[in-house]
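[1] only geometry, no sequence info:
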């Protein structure tokens, strides 16, 4: 769902369940993209998962590092799942009193109308020397009915995204695409799912998760991530 300032619900609960149930390797891939930049995360590091949903990525991160991120989530149904999983959560960043060392967010900012305001709030909550990690959908020309269905305001291009981030005071340390094979699959999806009421079937998610994603990771490692990809990865620092 598109997020306004006063929104307190999200209608994509089933999509979150599908992502967790059928895209395990993909979720692990996103968490590893974050962790690979921070091999020396300390045991007392304060980490925020912004737009955590049902805590899929936070759970993986906790399993890998034994650190429990603070979750930011607005939806009551999602927050119940977070509570059942033992995660501390808040409705917004302003409710957090302790400055953070790291904040990661995956496929969230595109749902928020005023993403620049949120980026400014993220800058404020981070410690000096703190890091922001973003994983976002790329390329307007990949827009499909699925983007409409899940409530996207935008897909991002590098130039516009980096301008928004640096305008908030961040220094960019890394920016590249991710999921190079996924880019071409997204183009195919554009023709297969032109209507907003259509969904991707679980079997398709499984095929992507177990067959196409491994090849995508190989091509990314060969340098294709600097040319093309379904998503954009950004690492930025508060100086």
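    Noted; the coordinates are in hand. Keep in mind it's a predicted model, so treat the numbers as computed, not measured. Numbering: from 1, shown residues only.

[2] Okay, helices next: where are they in the chain?
    Here the chain has its helices, by DSSP state H, at 13-22, 24-35, 56-65, 76-84, 115-125, 145-150, 158-167, 180-192, 202-207, 213-221.

[3] how about low-confidence regions in the chain?
    Confidence mapping of the chain against pLDDT under 70 gives the ranges 1-11, 193-199.

[4] for it, which strand is longest?
    Assignment by DSSP state E gives strand 126-137 as the longest strand of the chain.

[5] I'd like to know which elements that one is packed against.
    Contacts defined by 3 or more Cβ pairs under 8 Å, 6 or more residues apart in numbering; DSSP states H and E place strand 126-137 against helix 24-35, strand 100-106, helix 158-167, strand 231-237. Backbone N, C-alpha and C define where each C-beta goes, glycine included.

[6] one more time with 7 Å, if that's ok
    With contacts taken as 3 or more Cβ pairs under 7 Å, 6 or more residues apart in numbering; DSSP states H and E, strand 126-137 sits against helix 24-35, strand 100-106, strand 231-237.

[7] Nearest residue to the middle of the protein?
    The residue lying closest to the centre of the chain (Cα atoms, centre = their mean) is residue 106, at 0.6 Å.

[8] Okay, that one and residue 151: tell me how far apart.
    Taking Cβ to Cβ, to the nearest Å as the measure, residue 106 falls 16 Å from residue 151.

[9] rewinding a little: would you mind finding the most buried of the helices and strands packed on strand 126-137?
    Of these, the one with the most neighbours on average (mean count of other Cβ atoms under 10 Å) is strand 100-106, at a mean of 23.

[10] quick one: it to strand 126-137, angle?
    Using axes from the mean of the first three to the mean of the last three Cα atoms, to 10 degrees, the inter-axis angle of strand 100-106 relative to strand 126-137 is 10 degrees.

[11] Residues in contact with strand 100-106: which ones?
    By Cβ atoms under 7 Å, 6 or more residues apart in numbering, the residues outside strand 100-106 that reach it are 30, 34, 38, 45-51, 57, 122, 125-127, 130-135.

[12] List the contacts of the residue nearest to residue 24 when sequence neighbours are not counted.
    Nearest-residue entry for residue 24: residue 209, 6.6 Å, with adjacent residues in sequence omitted and distances by Cβ to Cβ, 6 or more residues apart in numbering. When contacts are counted by Cβ under 7 Å, 6+ apart, residue 209 touches 22, 23, 24, 25, 26.

[13] one more time with 10 Å, if that's ok
    19, 22, 23, 24, 25, 26, 27, 28, 29 (Cβ atoms under 10 Å, 6 or more residues apart in numbering).

[14] if I look at it, how far off is residue 19?
    Applying Cβ to Cβ, the value for residue 209 to residue 19 is 10 Å.
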